[in-house]
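1. pasted the sequence and its predicted model underneath.
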Amino acid sequence: MNMPVEWASASLREYLEDLVPPRPAEVQAMEAYAEKTQFPIIRAAAGNFCYLVTRMTGATKVFELGSGYGYSTYWFAKGVRENGGGTVHHVVWHADLSEKARAHLGALGYGDIMHYTVGEAVQALRETPGPFDLIFMDIDKPGYPDALPIIADKLRPGGALIVDNMLWHGQVLDRSDQTEATQAIRELMRLLATSEEWVTTLVPIRDGLALAYKQG
Ligand SMILES: C[S@@+](CC[C@H](N)C(=O)[O-])C[C@H]1O[C@@H](n2cnc3c(N)ncnc32)[C@H](O)[C@@H]1O
């Protein structure tokens with residue numbers, strides 16, 4: 001059966017979101033806030049994927065670059081707690097978002113494993129002692145390629161990197177799109193896919209998540 005791509009992708013998105021088990025009321029409120037304000041959270045299907053990778057890798061030290069008000073952070077914190085505890089670094093350059101995250105994650109019972117930094121995320125990673133088991137990146141897209149060497153340095157061998165927006169609303173597929181953000185995303189994907197240091201795939205959940213394994 002032929003169906004318009006837009007229709008298919010909206011239905012697929014809805015189907016994948018519906019597969020995610022119900023979230024606590026606090027998390028549902030975070031999802032409702034994103035809907036109301038159009039804040040770009042990763043949403044439930046991608047969040048659940050991040051949680052799954054956290055559990056599968058047994059990660060106890062996670063660093064998030066470009067956090068919002070704690071939505072994606074929730075999924076990592078849940079995984080780290082279930083892995084036996086550890087630390088999740090939340091980093092964003094907006095103090096109000098950091099405060100909001102503190103309130104949400106505290107209410108969810110993760111305050112004791114959280115570490116908050118207000119500042120530029122790549123610089124914060126550079127200054128934080130590693131190694132980390134899992135690093136998640138969701139900063140402004142032009143910064144993606146330059147962040148990779150710092151990430152590679154801070155991730156343990158056998159660790160995982162997840163990067164959001166790697167499909168960039170389909171713009172990476174449009175060869176005529178030569179904007180800075182699109183080119184930077186393509187460049188990061190090229191670096192990950194061609195390096196012997198990484199084993200990488202692009203998972204087309206929501207806006208595309210690169211999942212990369214740092215070779216031991
Ligand atoms: C897309 S939002 C993060 C959403 C979050 N991952 C979630 O799903 O809940 C990215 C946030 O990081 C901030 N940001 C972007 N680049 C940054 C950087 N280099 N350092 C610190 N914060 C950054 C943005 O202003 C924005 O508030």
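-> Great, that's in hand. Residues are numbered from 1 along each chain as shown.
2. and the residue minimising distance to the centre of the chain, which of the three is it?
-> The residue lying closest to the centre of the chain (CA atoms, centre = their mean) is Phe136, at 4.4 Å. Assigned by DSSP: H, G, I helix; E, B strand; the rest coil, the conformation of Phe136 is strand.
3. again with Ala212
-> Under three-state DSSP, Ala212 comes out as strand.
4. quick one, helices of the chain?
-> Shown for the chain, the helices assigned by DSSP state H span residues 5-18, 25-37, 43-57, 71-82, 95-107, 121-127, 144-154, 180-194.
5. for these, which one ends up most surrounded?
-> Ranked by mean neighbour count, those are led by helix 71-82 with a mean of 24 (mean count of other CB atoms under 10 Å). Using the backbone N, CA and C atoms, a C-beta is placed for each residue, glycine as well.
6. returning to that earlier point: would you format the helices of the chain as a markdown table with distance to the ligand and mean pLDDT included?
-> Shown next, in a markdown table, are the helices of the chain (distance: least, CB to the nearest ligand atom, whole Å; pLDDT from 0 to 100):
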| stretch | distance to the ligand | mean pLDDT |
| --- | --- | --- |
| helix 5-18 | 14 | 83 |
| helix 25-37 | 8 | 98 |
| helix 43-57 | 7 | 98 |
| helix 71-82 | 3 | 98 |
| helix 95-107 | 6 | 98 |
| helix 121-127 | 4 | 98 |
| helix 144-154 | 8 | 98 |
| helix 180-194 | 11 | 98 |
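7. hmm, Ile162 and the residue nearest to the centre of the chain touching each other?
-> Yes. Counting by CB atoms under 8 Å, Phe136 touches Ile162, with 4.8 Å between them.
8. find the residues that touch each one of those two.
-> Taking CB atoms under 8 Å, 6 or more residues apart in numbering as the contact rule, Phe136 and Ile162 both touch Cys50.
9. for Tyr213, which non-adjacent residue is closest in space?
-> Distances taken as CB to CB, 6 or more residues apart in numbering put Val199 closest to Tyr213, at 4.5 Å, once the chain neighbours are dropped.
10. how close does the one you found sit to His90?
-> 27 Å (CB to CB, to the nearest Å).
11. do the same with Ala147
-> 17 Å.
12. swap in Phe63?
-> 9 Å.
13. do Val172 as well
-> With CB to CB as the criterion, Val172 and His90 are 27 Å apart.
14. between those two, which has more neighbouring residues?
-> His90 (27 against 19; other CB atoms under 10 Å).
15. Ile41 contacts Tyr71, correct?
-> Yes. Applying CB under 8 Å, one finds Ile41 in contact with Tyr71, separated by 4.1 Å.
16. which neighbours do these two have in common?
-> The contact lists of Ile41 and Tyr71 share 30-31, 34, 47, where a contact means CB under 8 Å, 6+ apart.
17. among those, give me the pair with the biggest separation.
-> Spatial extent of those (CB to CB) is set by the pair Ala34 and Gly47 at 11.2 Å.
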